[in-house]
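Asker: Okay, here's the prediction I keep looking at, along with the sequence it came from:
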Amino acid sequence: MASLQASRFLRPTSSSSSCCTRTRSAISIPKLPKFNVSVPNIPIKNQNLRVQEPTFGLDGFTESLDLSQLERQRQKKRGCDDRVLQRSRLIAVLEEVIDRVEVHKNIGDQRNNWNSLLLNSVNMITLTAALMAGIASMNAVGGDSASAVKIASTVLLASATGVAALMNKIQPSQLVEEQRNATRLFKQLRNRIDMVLNEKSEEGISEEHVKDAIERVLCLDRAYPLPLIGTMLEKFPQEFKPATWWPETKPETRSKTSVNGWNKELELEMKEVVEVIKSRDAEEYEKLGNVALKLNRALAISGPVLTGIAAVSSGFIGHGSGLAGVVATTCASLAAVVNTLEHGGQVGMVFEMYRNSAGFFSLLEETIETERRENGQVFETKVALKLGRSLSDLRDLARRSSLCRLQGLAIDEYASKLF
């Protein structure tokens with residue numbers, strides 16, 4: 001009985017079912033339309049995650065700074081300042097080089113005038129004294145007039161001896177040639193520094209460029225000094241030595257393969273060119289330099305000796321025979337000839353020219369043996385032009401040198417066609 005009541009209680013009636021249906025129908029929500037909304041993609045930059053360290057300011061608050069970035073900025077600023085500094089230093093060296101060019105040019109002109117004026121003066125003095133000695137010897141019995149002429153000729157010949165000795169000591173013509181060479185070499189250095197400044201930006205100029213330029217200036221100052229007292233070059237050295245106006249260079253190692261335009265064939269070619277320079281050009285100019293040195297020394301000694309003999313002989317005019325007058329006149333005339341040969345012929349200048357030419361070949365040898373930073377083809381072109389040859393002519397010279405050495409013969413050709 002109880003189960004029946006429960007089932008009747010649980011079973012829904014038709015009226016209640018319809019009521020529920022109506023209720024659900026009344027509260028049903030209509031479907032909303034769909035809208036497509038496009039959202040643009042916002043680009044997001046990739047950012048490196050950095051550890052930010054707090055830094056405490058004076059006001060007590062903290063700031064987050066990137067220490068590594070600040071350090072890089074400081075280093076970059078220091079590097080920029082250093083490059084600007086090195087460029088300024090190199091420009092300062094260039095200004096001094098330009099000044100050296102003008103100084104050596106002006107001093108060279110001045111010493112050239114010395115050579116002309118002193119030569120003309122000493123010859124006029126010597127010839128005048130010779131004439132007066134001759135007059136005094138002819139009028140030796142004339143008393144006071146002959147004595148006056150004799151004294152005047154003695155004084156003039158003694159003065160000519162001193163002036164000739166001074167000229168032979170300083171060798172004005174050689175001094176002029178030194179200044180010409182210094183002017184030319186300083187101009188080369190000026191062009192070299194200009195090239196570095198033009199080709200390299202501030203980032204490319206380093207302290208090494210400045211040190212190299214300064215060292216070259218100092219080497220030129222030592223090779224061609226300006227003062228005449230203390231640092232003047234020895235005019236009559238014991239042996240002939242080539243001039244040296246460049247800093248010592250160290251050979252650079254290089255690989256066996258072709259690097260920077262250098263290869264085995266070019267290495268052998270440059271080696272043969274060096275052999276020809278050493279065996280022919282350098283040796284020849286050393287011989288010529290020794291000949292010029294000996295000739296200059298002989299003339300420098302004989303000139304003052306002849307005028308000295310003439311001065312002493314003129315003092316004995318009127319005593320005994322007339323031989324003293326003949327000796328005085330003859331020696332004074334010969335002294336004028338010797339002075340003209342030495343200083344008019346500029347034997348000292350010729351010696352300096354040979355010394356500088358020998359230095360040129362020494363520098364070329366050293367450059368060929370050590371230079372490997374420059375492109376090989378460019379360097380070959382420079383060597384050919386320095387020797388007055390074309391590229392094909394330079395290569396033919398190297399082949400002939402190699403063939404002669406294999407046959408045990410000496411090559412009969414000089415490397416240079418300029419000197």
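Answerer: Cool, the structure landed.
Asker: mind checking the backbone torsions on Gly261?
Answerer: When read as degrees, to the nearest 10, the backbone of Gly261 gives phi 80, psi 0.
Asker: Report how many residues lie close to it.
Answerer: Look at Gly261: counted by other C-beta atoms under 10 Å, it has 14 neighbours. For the C-beta atoms, the positions are set from N, CA and C on the backbone; glycine is no exception.
Asker: Equivalent analysis for the one 3 residues further on, please.
Answerer: Residues near Lys264, counting by other C-beta under 10 Å, number 10.
Asker: from memory Glu207 sits against Gln86, does it?
Answerer: Yes: using C-beta atoms under 8 Å, Glu207 is in contact with Gln86, at 5.6 Å.
Asker: Comparing the two, which residue is more hemmed in?
Answerer: More crowded of Glu207 and Gln86, by other C-beta under 10 Å: Gln86, with 19 against 13.
Asker: Which strand or helix spans that one?
Answerer: In this assignment (DSSP states H and E), Gln86 forms part of helix 67-138.
Asker: quick check: angle from the very next helix or strand once past that helix to helix 67-138?
Answerer: Beyond helix 67-138 on the C-terminal side, the first helix or strand identified by DSSP H and E is helix 144-170. With axes from the mean of the first three to the mean of the last three C-alpha atoms, to 10 degrees applied, the angle from helix 144-170 to helix 67-138 works out at 160 degrees.
Asker: Off-centre distance for the very next helix or strand once past helix 144-170?
Answerer: Following helix 144-170 in sequence order, the next helix or strand is helix 172-199 (DSSP H and E). Relative to its chain's centre, helix 172-199 lies at 8 Å (C-alpha atoms, centre = their mean, to the nearest Å).
Asker: and the next helix or strand after helix 172-199, C-alpha only, in CSV?
Answerer: Following helix 172-199 in sequence order, the next helix or strand is helix 207-223 (DSSP H and E). The C-alpha trace of helix 207-223 is given here as CSV (Å, rounded to 0.1, in the frame of the first residue of the first chain):
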residue,chain,number,x,y,z
GLU,A,207,100.3,54.5,-31.6
GLU,A,208,102.6,52.4,-33.8
HIS,A,209,102.1,54.8,-36.7
VAL,A,210,103.1,57.7,-34.5
LYS,A,211,106.1,55.9,-33.1
ASP,A,212,107.3,54.9,-36.6
ALA,A,213,107.0,58.5,-37.9
ILE,A,214,108.9,59.9,-34.9
GLU,A,215,111.6,57.3,-35.3
ARG,A,216,112.1,58.1,-38.9
VAL,A,217,112.4,61.9,-38.1
LEU,A,218,115.0,61.2,-35.5
CYS,A,219,117.0,58.9,-37.8
LEU,A,220,117.0,61.6,-40.5
ASP,A,221,118.2,64.1,-37.9
ARG,A,222,121.1,61.9,-37.0
ALA,A,223,122.0,61.1,-40.6
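Asker: and helix 207-223, what does it pack onto?
Answerer: Packing partners of helix 207-223 (3 or more C-beta pairs under 8 Å, 6 or more residues apart in numbering; DSSP states H and E): helix 67-138, helix 172-199.
Asker: So for the last one, mean pLDDT?
Answerer: This predicted structure assigns helix 172-199 an average pLDDT of 93.
Asker: how about that helix: buried residues?
Answerer: By 16 or more other C-beta atoms under 10 Å, the buried positions in helix 172-199 come out as 172-183, 185-187, 189-190, 193, 196-197.
Asker: got the angle for that helix vs helix 207-223?
Answerer: Counting by the same axes, to 10 degrees, helix 172-199 lies at 170 degrees to helix 207-223.
Asker: now the longest one
Answerer: For helix 67-138 against helix 207-223, the angle between stretch directions is 10 degrees (the same axes, to 10 degrees).
Asker: chain center to helix 67-138: distance?
Answerer: Centroid separation between helix 67-138 and its chain, computed with C-alpha atoms, centre = their mean, is 15 Å.
Asker: Poorly predicted segments of the stretch 251-400 of the chain, please.
Answerer: Flagging of the stretch 251-400 of the chain using pLDDT under 70 yields the residue ranges 251-259, 320-321.
Asker: Could you do the stretch 101-250 of the chain as well?
Answerer: Using pLDDT under 70, the flagged stretches of the stretch 101-250 of the chain are 139-145, 201-203, 250.
Asker: on that earlier part again, from the contact counts, what lies against the helix holding Gln86?
Answerer: Judged by 3+ C-beta pairs under 8 Å, 6+ apart, the packing partners of helix 67-138 are helix 144-170, helix 172-199, helix 207-223, helix 283-315, helix 323-339.
Asker: what's near enough to touch Thr249?
Answerer: Glu366, Thr367, Thr370, Glu371 (C-beta atoms under 8 Å, 6 or more residues apart in numbering).
Asker: Next: Leu306.
Answerer: Contacts of Leu306 (C-beta under 8 Å, 6+ apart): Cys331, Ala332, Leu334, Ala335, Val338.
Asker: Look up how far Thr126 lies from it.
Answerer: 9 Å (C-beta to C-beta, to the nearest Å).
Asker: Common neighbours of the two, please.
Answerer: Shared contacts of Leu306 and Thr126 (C-beta under 8 Å, 6+ apart): Ala332, Ala335.
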